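S.K.: need a structure here:
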Amino acid sequence: MELIVISDPGIIANEASVINLLFEAGMTRFHLRKPNWSSNQCHDLLKEINPVFHPDIALHQHHILADNINTKRLHYTEKHRLACNQEEINSQKQEGFFCSTPVHRLADLPFLNAFNCVFFSPVFNSISKPGYESELKKGFVLEKASPSTSVIALGGIEARNIEQISQMKFDGAAVLGAIWKNPEQAVNIFRQLNTLIMNHK
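M.R.: Have a look, this model is predicted:
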């Protein structure tokens, strides 16, 4: 089980400092998701993050920035995924890139085997997107389409429910709202969540 942190889409005070502290607290994967930011804005933020952590950062936008920092992690948004083809993904993987993408329907999972990792959401009612509610039934257990593609739970994950992720047979959890709703407490919240999920490896 792994715990992944996704950036807040907006502007966070001292964001780079918080990200560095999260890595120092044990974060092993960070997804930079700034859909409305320019390439320069994302690059400026990345420059403020300790380069030793760059290999563990996945880029959601401006994949060209991977050439500027030492990362091989690319996230394809649903729109980007639908605009490309499987050959493009396979080519990226052959070049050593680790590719991930989101999905919102369980029926779509078998068609995403080209990706190393898939984020399924919402598993619980979203914290960052009010009204974005889960349709999973009580007692849900994931049936993976491919053992080579990890499936990460996303949406509404916090301390009170993160232990259910293991019972649902997901490979890990990704958090956004739980971390960034109170940036001053981001590191403490991460430590709490990480401890809970590490107990269910």
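S.K.: who are the packing partners of the helix or strand containing Glu88?
M.R.: For Glu88, the host element (DSSP states H and E) is helix 86-94. If you count contacts as 3 or more CB pairs under 8 Å, 6 or more residues apart in numbering; DSSP states H and E, helix 86-94 packs onto strand 98-103. Just so you know, the C-beta spots here come from the backbone N, C-alpha and C atoms, and that holds for glycine as well.
S.K.: tell me what the helix or strand following the strand it packs on is packed against?
M.R.: Next along the chain after strand 98-103, taking DSSP H and E as the criterion, comes strand 117-120. On a contact count with 3+ CB pairs under 8 Å, 6+ apart, strand 117-120 meets strand 98-103, strand 150-154.
S.K.: mean neighbour count, these: which tops it?
M.R.: Among those, strand 150-154 has the highest mean neighbour count (mean count of other CB atoms under 10 Å), at a mean of 24.
S.K.: who does that one pair up with?
M.R.: The strands that strand 150-154 pairs with in its sheet are strand 117-120 (parallel), strand 172-175 (parallel) (by DSSP bridges).
S.K.: in a strand, Asn194, correct?
M.R.: No - going by DSSP: H, G, I helix; E, B strand; the rest coil, the assignment for Asn194 is helix, not a strand.
S.K.: low-scoring pLDDT stretches of the chain, where are they?
M.R.: The chain contains residues with pLDDT under 70 at 200-201.
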